[in-house]
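> After the sequence you'll find the predicted model.
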Amino acid sequence: MFTKSHRRGMSTLSEKEVELGDIDAAVYRLSGLFFSMDDANAFLSSAGLSKNNATRFICWLISFNIISPNHEKWALELFKLYKDYKQMLNSYIKDPSDPLIDVPVKSATVIESDIMRGMRWFQSLAADLKLNEYYISDVELRANRILAVCSLDSPHYSYTQGHDRYLFISFLLALEFSAQSGLSRDFAEAIAFYLARDFISMTAISKYLDNVTETEDHFEKMDREMAKVAPEIMRQLFDVGQSSIHFALRWELLLFADEYDIKRLLYLWDQILYYKNIFKKFLFALCIAHIQQITPAMPGEIMVEKIQTFRNWNVQQILSDAMKYIKSIELVKPRIKMSYIIATLSVLVFLLYFYFLIGRNL
């Protein structure tokens, strides 16, 4: 897996053990912000691109039920999570400097390649957040460790491209929280594991991709819906044998991670977590909303490339358009149901009248 040159550039990750008191001091300053899941949801759904990331970190943990809304339990719960992760490392990882060595070769190769390729993206996001170099100096190794533990802890886990993005964003928040609170990189790694794992479970990418029929049906439906809001764009795509799958598949797999700067991406993911109970429906609506901000290709432009490279998204408008789309779908359903009821009653009335006529003739 990792070459000797790789290992020389990475620490052995031995840091001072995090104590319960350290975590207690770190979360104390946030203890008055959340008292219930409603408080967490209020933060997630609130507008604004400059939310406090330490608050966001705690809020995401609450949203996934990784920790409880009760702030009096946070320190103990986080300490236990940290200890449990350390135990998993001791159980699964024989060589901390080469964590993928016990992961099946096929998965390990893809993980290592994706993490290596994603490092420049991660580093640019970390620079935007002004994270201290110390905290990101061995992220590549730690990211591989987290995904190695994911692979070895669950026999049903299958790494899929896109998981690296969930991990990097989770790790970024955990590292920023640790940096602000004086906690170690070990603590950030541990809690990032739980956040990334829950994002992976929520999206269920591998199950989605394994069902070819379901995937085809999904994007055929998306083609039809996009044709309603962006008919000229879809006509240009259809004319050259292309469709929504050529760009929206990536949007969905990465949760739009490559489309935004860090502030807008975190804000978008806040909303995704807020609507996680209708995750698939909301993600679909976000795709419909994104295509509405693209203009048709001009002469000399290639439509699919224009979509794939567009980055000037208005995230607030996208969220507004996504909710309008969902509401429009919900309005259609009662109408369809009422039409069905009326049609059924009409048939019943006709049958009763028909039987009445037959009875009279007899």
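That came through, no problem.

> For Ser178, give me its contacts.
The contact partners of Ser178, taken as Cβ atoms under 8 Å, 6 or more residues apart in numbering, are 135, 184-185, 187-188. All C-beta spots, glycine's among them, are computed from the backbone N, C-alpha and C.

> now for the residues you listed, which pair is the farthest apart?
Pairwise distances among the contacts of Ser178 were taken by Cβ to Cβ; the largest, 11.0 Å, belongs to Tyr135 and Phe187.

> who has more neighbours, these two?
Phe187 (26 against 19; other Cβ atoms under 10 Å).

> Packing partners of the helix or strand encompassing that one?
The secondary structure element spanning Phe187 is helix 185-203 (assigned by DSSP states H and E). In terms of contact count using 3 or more Cβ pairs under 8 Å, 6 or more residues apart in numbering; DSSP states H and E, helix 185-203 is assigned the packing partners helix 53-63, helix 74-92, helix 139-153, helix 163-181.

> SS state for Met298?
Secondary structure assignment for Met298 (DSSP: H, G, I helix; E, B strand; the rest coil): coil.

> how deep is it tucked in, by neighbour count?
8.

> so what's it scoring on pLDDT?
Per-residue confidence at Met298 stands at 97 (pLDDT).

> same question, Gln87
Model confidence at Gln87 (pLDDT) stands at 97.

> Tell me who's in contact with the most centrally placed residue in the chain.
With distances taken as Cα atoms, centre = their mean, Leu255 lies nearest the centre of the chain, 4.9 Å away. By Cβ under 8 Å, 6+ apart, the residues touching Leu255 are 162, 165-166, 199, 203, 268-269, 272, 283.

> Tell me the spacing between it and Val18.
Computed with Cβ to Cβ, to the nearest Å, the distance linking Leu255 and Val18 is 30 Å.

> just Lys86 next, same as before
Here Lys86 is placed at a distance of 9 Å from Val18 (Cβ to Cβ).

> what does Ala126 give?
With distances defined as Cβ to Cβ, the gap from Ala126 to Val18 amounts to 21 Å.

> next one: Glu305
When distance is defined by Cβ to Cβ, Glu305 is 47 Å away from Val18.

> neighbour-wise, which of these two wins?
The neighbour count for Glu305 versus Val18, taken as other Cβ under 10 Å, is higher for Val18 (20 against 12).

> My guess is the more buried one contacts Asp186. True?
Yes: the criterion here is Cβ atoms under 8 Å, and Val18 meets it with Asp186 at 6.5 Å.

> So for the two, which residues contact both of them?
Both Val18 and Asp186 are in contact with Tyr82, where contact means Cβ under 8 Å, 6+ apart.

> Torsion angles phi and psi at the nearest residue to Glu77 once chain neighbours are set aside?
Here the nearest residue to Glu77 in space, its sequence neighbours aside, is Ile67; by Cβ to Cβ, 6 or more residues apart in numbering that works out to 4.5 Å. Ile67 adopts backbone torsions of phi -130, psi 160, taken as degrees, to the nearest 10.

> who's in contact with Leu147?
100, 103, 111, 115, 159, 163-164, 167.

> make it 6 Å
For Leu147, the set of contacting residues under the criterion of Cβ atoms under 6 Å, 6 or more residues apart in numbering consists of Ile111.

> neighbours of Lys221, just the number please.
Lys221 is surrounded by 12 other residues when neighbours are defined as other Cβ under 10 Å.

> Which element, helix or strand, includes it?
Following DSSP H and E, the helix or strand that holds Lys221 is helix 212-229.

> contact partners of that helix?
Helix 212-229 is contacted from outside by 234, 243-245, 248, 288, 291-292, using Cβ under 6 Å, 6+ apart.

> Please repeat the previous calculation with a cut-off of 8 Å.
With Cβ under 8 Å, 6+ apart as the contact definition, helix 212-229 has outside contacts at 208-209, 233-235, 238, 243-245, 248-249, 284, 287-288, 291-292, 325.

> for the next helix or strand after that helix, which positions count as buried?
As assigned by DSSP H and E, the chain's next helix or strand after helix 212-229 is helix 231-239. Counting neighbours by 16 or more other Cβ atoms under 10 Å, one finds that the buried residues in helix 231-239 are 233-234, 236-237.

> Low-confidence bits of the stretch 1-150 of the chain, can you list those?
1-14 (pLDDT under 70).

> got any ranges where the stretch 251-362 of the chain has weak pLDDT?
Low-confidence segments of the stretch 251-362 of the chain (pLDDT under 70): 331-362.

> Do a quick rundown of the strands in it.
Taking DSSP state E, counting those that start in this stretch as the criterion, the stretch 251-362 of the chain contains no strands.

> sorry, back to before: want to try a markdown table for the helices and strands packed on helix 185-203, with distance to Ile278 as columns?
Converted to a markdown table, the helices and strands packed on helix 185-203 look like this (distance: least, Cβ to Cβ, whole Å):
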| stretch | distance to Ile278 |
| --- | --- |
| helix 53-63 | 14 |
| helix 74-92 | 27 |
| helix 139-153 | 26 |
| helix 163-181 | 19 |
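
> give me the number of residues near Ser91?
Ser91 has 11 neighbouring residues, counting by other Cβ under 10 Å.

> Distance of it relative to Ala190?
Distance of Ser91 to Ala190, computed by Cβ to Cβ: 14 Å.

> Next: Leu81.
When distances are taken as Cβ to Cβ, Leu81 and Ala190 turn out to be 6 Å apart.

> higher neighbour count, these two?
Legend: neighbour count by other Cβ under 10 Å for Leu81 and Ala190, higher for Ala190 (25 against 19).

> Lovely, talk soon.
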